[in-house]
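1. just a sequence and a predicted model for now, questions to come.
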Amino acid sequence: MKRDFLMVTDFSRDEIVEVFELTKDLKRYLREGKEYTPLRGKTMAMIFAKPSARTRISFETGMYQLGGYAIYLSPNDIGIGKREAIKDIARVVSRYNDIIMARLFDHWHIEELARYSSVPVINGLTDLTHPCQVMADLFTVYEKKGRYENIKIAFVGDGSNNVANSWVNMASRMALELVIVTPEAYLPDKSALENARKVGVSEIKIEHDPVKGVSGADVIYTDVWVSMGQESEKEQKMKAFEGFQVNSELLKYAKDDVMVMHCLPAHRGEEITDEVIDGPNSIVFDEAENRLHVQKAIILKLFGLAR
Ligand code: CP
Ligand code: NVA
């Protein structure tokens, strides 16, 4: 049976830990200049319906480092669901490539791609979730804190977006204290929240007051207020998130050693100030780097090559 990684919840807690342990090894090999190329002869198709810097670069580089090869297909190339049916693309690409990574709009598009593909499919972001991001994020916390559980994470900003939803999914696998700090109208996906609360491994709170929300936080996490594809909602969202900016005043209410995270790209001066993103509490570039290492481990896991 082929495995896909469409949501954080596609992995069990033990599998997430296994991926993190493998990530540590892969990161060390790279630092030591040790070649590790188990994917020689394997190819990845990378299908993008939205722009990307980190996701494209880290997957392409990661496949190369593992001895494989990755093909970048831009929004103009495949026209998934427009030029051709998703199921046809899935079946064709499966005949050429050993694994697919896709960044799409509707989440059902990636589910359909995975359903009709005979090779593993990795979600490189949809409107609903961004699982690879949050895997890299929690790994980064683990590196800094030496633990991946019993961490208080305050996600400040658009609680309804793909990254916030993925944190909720993560909280249904790992024991976190997760506070989604967001206006009333921007709550996380209802079923993700219900499911995580039913699983019950984490304490998950919704808070509308940023000062209360970040109180005692180990991590303050933020993301853009206007996600890709939401450009027409810009004016409304900019108003709704006024007061939710991560700035040095807000940091005072968290722990002294609070770590500030952002998946990037950042809109400096909107959801986060220059002072904070460039300041001593920011770990955003370690976080960005770890996309590479964690995704290599996820790829190996889907190929059944994780040890
Ligand atoms: N964080 C992230 O996924 O960045 P890109 O949109 O640049 O890939
Ligand atoms: N929420 C953002 C994440 C970008 C990596 C977006 O979807 O645009």
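-> All right, it came through fine. Numbering: from 1, shown residues only. Ligands and ions are numbered 1, 2, ... in the order given.

2. name the nearest residue to the most centrally placed residue in the chain, ignoring sequence neighbours.
-> By CA atoms, centre = their mean, the chain has its centre lying nearest to residue 133, at 1.9 Å. Nearest non-adjacent residue to residue 133, counting by CB to CB, 6 or more residues apart in numbering: residue 263, 5.0 Å away. Placement of C-beta: from N, CA and C, glycine included.

3. now the residue nearest to the centre of the chain. Its backbone dihedrals?
-> With angles defined as degrees, to the nearest 10, residue 133 sits at phi -60, psi -50.

4. count of residues packed around residue 46?
-> Neighbourhood size, residue 46 [other CB atoms under 10 Å]: 23.

5. for it, helix, strand, or coil?
-> With DSSP: H, G, I helix; E, B strand; the rest coil as the basis, residue 46 sits in strand.

6. buried set for stretch 10-24?
-> By neighbour count on 16 or more other CB atoms under 10 Å, the buried set for stretch 10-24 is 10-11, 15-20, 22-23.

7. same thing with stretch 144-162?
-> Those would be 144, 148-149, 151-162, for stretch 144-162 by 16+ other CB under 10 Å.

8. which of those come close to ligand 2?
-> Taking CB under 6 Å from any ligand atom as the test, ligand 2 is in contact with 161-162 out of those.

9. which two of the buried residues of stretch 144-162 have the greatest separation?
-> Using CB to CB, these span at most 27.6 Å, a distance reached by 144 and 160.

10. and the strands in the stretch 151-300 of the chain?
-> Under the criterion DSSP state E, counting those that start in this stretch, strands of the stretch 151-300 of the chain are mapped to 152-156, 177-181, 203-207, 219-222, 259-262.

11. please look at the residue nearest to the centre of the chain and residue 164 and confirm they touch.
-> No - using CB atoms under 8 Å, residue 133 is not in contact with residue 164, being 10.9 Å away.

12. returning to that earlier point: which single one of the buried residues of stretch 144-162 is nearest to ligand 1?
-> Nearest to ligand 1 among the buried residues of stretch 144-162, counting by CB to the nearest ligand atom, is residue 162 at 9.3 Å.

13. what number of residues lie near the closest residue to the closest one other than its chain neighbours?
-> Spatial nearest neighbour of residue 162, excluding adjacent residues (CB to CB, 6+ apart): residue 130 at 4.4 Å. A count of neighbours around residue 130, defined by other CB under 10 Å, yields 27.

14. where does pLDDT dip in this protein?
-> In the prediction, the chain carries no residues with pLDDT under 70.

15. those residues of it touching ligand 1, which are they?
-> Near ligand 1, when you scan the chain using CB under 6 Å from any ligand atom, you find 52-55, 125, 133, 263-265.

16. now the buried members of these.
-> 52, 54-55, 125, 133, 263-264.

17. helices and strands around the helix or strand containing residue 17, which ones?
-> For residue 17, the element it lies in under DSSP states H and E is helix 13-32. Other elements packing on helix 13-32 under the criterion 3 or more CB pairs under 8 Å, 6 or more residues apart in numbering; DSSP states H and E are helix 131-145, helix 284-302.
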